[in-house]
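Enquirer: Fold the stuff below for me.
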Amino acid sequence: MFKIRKAKDDEPTAPGQVKIRKRSRVPGVMITQYVEELPEGMTTPDFTRKPIAITIQEGKMVIFRAVITGIPAPTVTWMRNNGEIDEEKFKIIFDASSGEHQLQMPAVTVDHADTYKCYARNEYGKAVVTAALNVIEAIRDTPEDFKKALKHKVDMEHKEEKKPEIDDKFWELLLSADKKDYESICAQYGVTDFRRMLKKLSEKKVEREQEQERVVERLCNLKPIELKDDGLAEFELEMSLKDPTSKIFIYKDGIMIPFDAELEVKHGLKQVGKKFVFSINGVDPEDAGLYQVEVDGVKVFSTDFKLPEVEFMVKIQDVKAEEREDAVFECLVSQPLKKITWKGKNIPLEQGEKFDILVSEDMLIHTLVVKDCMPLDKGIYAAVAGNSSCNAWLIVEVDTDPNSRGKKKARKTTRAGGGGDELLKIAQEQQAIVQKQKEELIAKARAEAEAAAAAAAAAVVFPSDPGVYFTGGLSDVTAIIGTDAELVCRLSSEECDGVWYKDGQEITSTDHICIVKDQTYRKLIIKNCTEDDSGKYRCEADGRKTEAELKVEDPPRLNSDDLTEFMKPVIIKSGKDAAFKMTFVGREPMKIQWFHEGEELLEDTGIKIEKSESHTRLLLTKCKRKTTGEIKIKIKNECGTTEAISQLVVLDKPTPPLNPVDIIESNSTCIEFKWRPPKDDGGSPITDYILERQQIGRNSWKKLGKLGPEPKYRDVDVDHGRKYCYHVRAETDQGVSEMMETDDIQAGTKAYPGAPSQPKVVSAFKDCINLAWSAPSNTGGTDLLGYNVEKRKNGSNLWGMVNPANEPIKEKNYGVKDVVEGIEYEFRVSAINISGAGEPSTPSEFVFARDPKMKPHFTDRKIKTFIVMKAGNAARINFNFQASPIPSIKWLKDGHPVAKHVKVSNSDTSSQLMIPSSERHDTGVYTIVVKNLVGQETSSVEIRITDDPKPPGPVELDENVSGTVTVSWEPSPDEKKDDRLHYIITKRDSVKRTWQTVADHLFNNKFTAINVMPGRQYKFRVYAKNDMGLSKPSDSAIWESFSLNLPTSKDCSFEVPPSFSVPLKTHNSPESYECYMSCAVTGNPRPHVTWYRNNVSLNTNTNYYITNTCGVCSMVILKVGPKDSGNYTVMAENNLGRVECSTKLVDERKMF
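Expert: Okay, the predicted model is just below:
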């Protein structure tokens, strides 16, 4: 054991050390730093969670918890202010899983009540925090006659040592228990002499039954108290009362408890016929104890209620929330509980506007939601279940945005904290454990029931007098500080006196306390209550007792003089300051709020709020007229809320009078009209209206002067037919308003034009309806300024303007574009002259806003029917069409729906089919079907997907007939894949030395060449050809049938470089038309020809059809577009040279 240091800081500093006081983020923590500058990475000790003050009943376990930080890790010690800490009885441990340092004190007594300190030290400093422990003394019975007790003690010393007496509670439980429960009850109270127990139990049963016969006719089906799955505890019995008016009382541990038969309160007693069911709602650890039912003072049933020990499987964790965000604390308990106690800053929390207290369906997960977090909500929050508790910090991060300062911030919908999926997983595991334990208990109870012994025979005893009992118990009372409080109970006898106790201490009558005996009523009156009068009060009479709690609250209360002054309206001029002040009293802490028209006021430019413990002041600087309104002050603490309301009136000049004016009279001699007063008179009555007038067509204004407070004027100085405009201003004591300008008012009768002819619908489309009409025959004697067109939907009574009111239509036709497709409309027209709009015309016929019905038809001038594409390239087909209504589009390949890899893009007027990467199996006839209600149209395109052909196999030559040569070859590998593949054969002899085509479009693998001259050498080439072009040749061996001896001749060369015999010409082509370009080229060997547009090769572009036949090179552009304009070049080259020819294609649309 060790003693605590008495001094505040009796630990001297070492030489060279300093003592620097530092502030901690946690209130109540004192930090002392030993060095002037901390080394890098080192910190002084500090508390992130400090121990909290605890008030607990004697005999229960207390745990102080603290979480400490510091580098290096601090050494933690616990000390006591007065007395010593018993290290053998108390446990000082460190929980590594939660990082908590704990001081555990089992079975505390009143002597342990003290202030405890927790020290954390390392080489750079120390931190200390204190926590108070308050212990409520248990109630103990004292002998009434001390001498009798002393004598009894002396007599016992001379007698032989007797066996200890069995607790009366033991017999009460046995009298109401089933036989199967005898063994467990005896084991609980340590009773081993079963023979003696059964004998005495039989005697007590007879005695009890004799007592019960006075009030009960029949008593059966006694069921002990049981905790339900929903957190409700119940016990029941069937009972027939001799006197239906007999009063039923329920006691817990000898103290009467109130109950209600109708409402769902804490304790309820419901009667259904002869069955009585007693229930405890929201079971908590304090509900454990012995419950007894009495009828007119006779005990009829007893049952003991015990709760399993509860531990926190998952404790609440620290939560960091943003301002105006919700914070969530969640914990998991080991046993189902319908309710646990939540505390905030050591104050119990209840469900309400600020807090949501939630429980999961299995009653294992308990949640506290702190709504709309504000800086005042910062602090320690705790969850308490029986002797177990856990706590955590709520840290509220204040919004530091300077732009939002002084403005009311919006409530956030997000939540901070919460256990998440991991907590649910642990809860499911714990629920399985609880269910298994319940099943084991049920199995054990069944086994014990089968082995229960028979009850002993009952003995006959005489009934006993039940004595004095309470017919009405005490009820909890709440009183305001400074008022009187009264506690009342009722006894069954007028003669018995009651003894009163407060928190276990007996109290007597004083100037402050009055004890009143009024027939069977016993009253305790406490005058002028103070906070010290709060506590538990008990009244005892003849061994019976009843208990209740008195709460003395100190809500905010306003000073009556200040309140009277505050409620008077404050009247100031615009630009001046307004001040409101209030003095109040009440329990700290108090939350003070000021409101303007229901919206909370915060510190800002023009708003200053002063607050102290008993005074607050609101100052509004440079007030404007819009500041006028209700000013409210609201003061709130834990005991209640009070409010006061005042009015602020800011005087200013009035706003302008309001349009439109109502013309009372308008004739050739006068104009009389009236207007509406200003929307805001500035807080002062209107004294005058000031008018001035202008005749239309003139620039000058004539002042008419002040007319008085009536908003009405009669002008008799007018000319017939003229129009006038007026300016009106309102005047008060605070100044003159801005002016209001009237519409033009004509003196005399207005001549409006007649109605135009009925509008005719020229054409109708889905986005436009074109109308035409004729002018009215009567124009009102003046020229027409234009027309107004109105529309109305079919079935509606409302006409709506089509053109803007200030923009009349000048022509006698108009296209209405503000229509919705599919809606039916009708239209009417009115003419406008200088007097205004005349009568509208007869409405037109109803017309739908939709395009006229049209059978689908294709709009492309020339549609391709055959397309060849190289395998691997993208193939596209575009079709443009017109149809109304919008048609459905379907593509088919060889009469079947197209494959999934074929992409189809549709619009209202076109459709495109695209094969992104074509293959040979995509070859086929593609058909588009365009169909609507009117009809359908189809078109087909054959697409052939092929590739450059592969050359034939080896070529063999054979002479079957003189003068002929039979050429045969192996087929090309592509022959089976391409049904359009054929062969071309060329030959060259030793004389001409040029290659000549001798056969084309051969679909077999053999050909006989004729006119083979003797004495010459021949060579043959075989080409494979398809829609893409020629393959590489397959050459034969040199063939020579026989030889002649001829004189040697000089070799002749026929090879010439390429040249253009016919050049390209310039082309001007209309858009979307076909363009054909051609030229002629010669050369030997045959030149290779390449087409270019703007220096980009076109030979592989599928949008251009290029051919080269016998030196005539041609290119076809199927559909000329803007992108086809440019410079086109043809290049011809062989091994002897290269030549180019260019031209230009111009889109005729661009020329204009």
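
Enquirer: Enumerate every residue touching residue 615.
Expert: Taking CB atoms under 8 Å, 6 or more residues apart in numbering as the criterion, residue 615 is in contact with 581-584. Every residue, glycine included, has its C-beta placed from N, CA and C.

Enquirer: So it versus residue 584, what's the distance?
Expert: Here residue 615 is placed at a distance of 8 Å from residue 584 (CB to CB, to the nearest Å).

Enquirer: that's a strand at residue 196, yeah?
Expert: No - residue assignment for residue 196, taken from DSSP: H, G, I helix; E, B strand; the rest coil, gives helix, which places it outside any strand.

Enquirer: Verify the contact between residue 54 and residue 116 for me.
Expert: No - counting by CB atoms under 8 Å, no contact exists between residue 54 and residue 116, whose distance comes to 9.6 Å.

Enquirer: Mutual contacts of these two, please.
Expert: Residues touching both residue 54 and residue 116 by CB under 8 Å, 6+ apart: 64, 131-133.

Enquirer: quick check, nearest of those residues to residue 199?
Expert: Each of the shared contacts of residue 54 and residue 116 was scored against residue 199 by CB to CB, and residue 133 proved nearest at 47.8 Å.

Enquirer: for the helix or strand the closest one falls within, packing partners?
Expert: Counting by DSSP states H and E, the element that carries residue 133 is strand 125-136. In this structure, strand 125-136 packs against strand 30-33, strand 43-49, strand 54-57, strand 62-71, strand 114-122, with contacts taken as 3 or more CB pairs under 8 Å, 6 or more residues apart in numbering; DSSP states H and E.

Enquirer: Need the winner for burial among those.
Expert: For the helices and strands packed on strand 125-136, the stretch with the most neighbours on average is strand 43-49, a mean of 21; neighbours defined as mean count of other CB atoms under 10 Å.

Enquirer: mind listing the strands in the stretch 251-400 of the chain by residue range?
Expert: 255-256, 267-272, 275-280, 289-295, 298-305, 312-314, 319-322, 326-333, 341-344, 347-348, 355-359, 365-370, 379-385, 388-397 (DSSP state E, counting those that start in this stretch).

Enquirer: Which positions within stretch 779-793 qualify as buried?
Expert: Neighbour-count burial for stretch 779-793 flags 779-780, 784, 787-793 (criterion: 16 or more other CB atoms under 10 Å).

Enquirer: for stretch 683-693, that is, sorry about that
Expert: Those buried within stretch 683-693 under the rule 16+ other CB under 10 Å are 683-684, 686, 688-693.

Enquirer: what's the answer for stretch 840-860, then?
Expert: Under 16+ other CB under 10 Å, the buried positions of stretch 840-860 are 840-841, 843-844, 847, 849-851, 855-856, 858.

Enquirer: measure it end to end?
Expert: Taking CA to CA, to the nearest Å, stretch 840-860 runs 47 Å from one end to the other.

Enquirer: that older thread, from the buried residues of stretch 840-860, which shows the smallest pLDDT?
Expert: Least confident entry in the buried residues of stretch 840-860, by pLDDT: residue 851, with 82.

Enquirer: Distance check, the residue nearest to that one when sequence neighbours are not counted against residue 234.
Expert: Closest residue to residue 851 apart from its sequence neighbours, by CB to CB, 6 or more residues apart in numbering: residue 884 at 4.0 Å. When CB to CB is the yardstick, residue 884 and residue 234 sit 77 Å from each other.

Enquirer: where does the stretch 751-900 of the chain dip in pLDDT?
Expert: When the per-residue scores of the stretch 751-900 of the chain are filtered using pLDDT under 70, no range remains.

Enquirer: now the strands: where do they sit in it?
Expert: According to DSSP E, counting those that start in this stretch, the strands that the stretch 751-900 of the chain contains are 760-764, 769-772, 786-793, 800-801, 813-816, 824-833, 836-837, 847-848, 854-858, 866-870, 875-884, 888-893, 896-897.

Enquirer: what does the stretch 501-650 of the chain give?
Expert: Counting by DSSP E, counting those that start in this stretch, residue ranges of the strands within the stretch 501-650 of the chain are 505-507, 513-518, 521-526, 535-541, 544-553, 557-558, 570-573, 578-585, 591-596, 599-600, 607-611, 615-620, 629-637, 640-651.

Enquirer: ditto for the stretch 951-1100 of the chain
Expert: Taking DSSP E, counting those that start in this stretch as the criterion, the stretch 951-1100 of the chain carries its strands at 955-958, 965-969, 982-989, 996-1002, 1006-1009, 1017-1026, 1029-1030, 1034-1035, 1039-1040, 1056-1062, 1067-1069, 1075-1084, 1088-1093, 1096-1097.

Enquirer: Rebuild the ones you listed as TSV, extending it with mean neighbour count and mean pLDDT.
Expert: As requested, the strands of the stretch 951-1100 of the chain are exported to TSV (neighbours: other CB atoms under 10 Å; pLDDT from 0 to 100):
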stretch	mean neighbour count	mean pLDDT
strand 955-958	15	87
strand 965-969	20	89
strand 982-989	19	90
strand 996-1002	13	86
strand 1006-1009	16	86
strand 1017-1026	21	89
strand 1029-1030	14	86
strand 1034-1035	16	88
strand 1039-1040	16	80
strand 1056-1062	16	90
strand 1067-1069	15	80
strand 1075-1084	18	89
strand 1088-1093	18	90
strand 1096-1097	10	87
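
Enquirer: can you tell me which of those strands comes nearest to residue 473?
Expert: Comparing the strands of the stretch 951-1100 of the chain against residue 473 with CB to CB, the closest turns out to be strand 1096-1097 (105.2 Å).

Enquirer: Report all helices and strands that the closest one contacts.
Expert: Of the remaining helices and strands, none touches strand 1096-1097 by 3+ CB pairs under 8 Å, 6+ apart.

Enquirer: got a list of contacts for stretch 855-865?
Expert: 877-883, 887, 909, 930-932, 934-937, 939-942, 1072-1074, 1118-1119.

Enquirer: can you rerun that using 7 Å?
Expert: The contact list for stretch 855-865, computed with CB atoms under 7 Å, 6 or more residues apart in numbering, reads 879-883, 887, 930-932, 934-937, 939-942, 1072, 1074, 1118.

Enquirer: would you list the buried residues of stretch 683-693 in a markdown table and tack on secondary structure?
Expert: Shown next, in a markdown table, are these (three-state DSSP):
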| residue | secondary structure |
| --- | --- |
| 683 | coil |
| 684 | coil |
| 686 | coil |
| 688 | strand |
| 689 | strand |
| 690 | strand |
| 691 | strand |
| 692 | strand |
| 693 | strand |
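
Enquirer: Minimum pLDDT in these, which residue is that?
Expert: For pLDDT, the smallest value among these belongs to residue 683: 87.

Enquirer: ok, now how distant is that residue from residue 706?
Expert: 21 Å.

Enquirer: most packed of the strands of the stretch 751-900 of the chain?
Expert: Relative to the other members of those, strand 824-833 carries the highest mean neighbour count by mean count of other CB under 10 Å, namely a mean of 22.

Enquirer: Show me the helices in the stretch 351-500 of the chain, by range?
Expert: With helices called from DSSP state H, counting those that start in this stretch, the stretch 351-500 of the chain shows them at 420-450.

Enquirer: quick one: low-confidence ranges for it?
Expert: For the stretch 351-500 of the chain, residues meeting the criterion pLDDT under 70 lie at 387, 402-414, 419, 437-467.

Enquirer: ranges for the helices of the stretch 701-850 of the chain?
Expert: Taking DSSP H, counting those that start in this stretch, the stretch 701-850 of the chain contains no helices at all.

Enquirer: Please settle this for me: is residue 209 part of a helix?
Expert: Yes - judged by three-state DSSP, residue 209 forms part of a helix.
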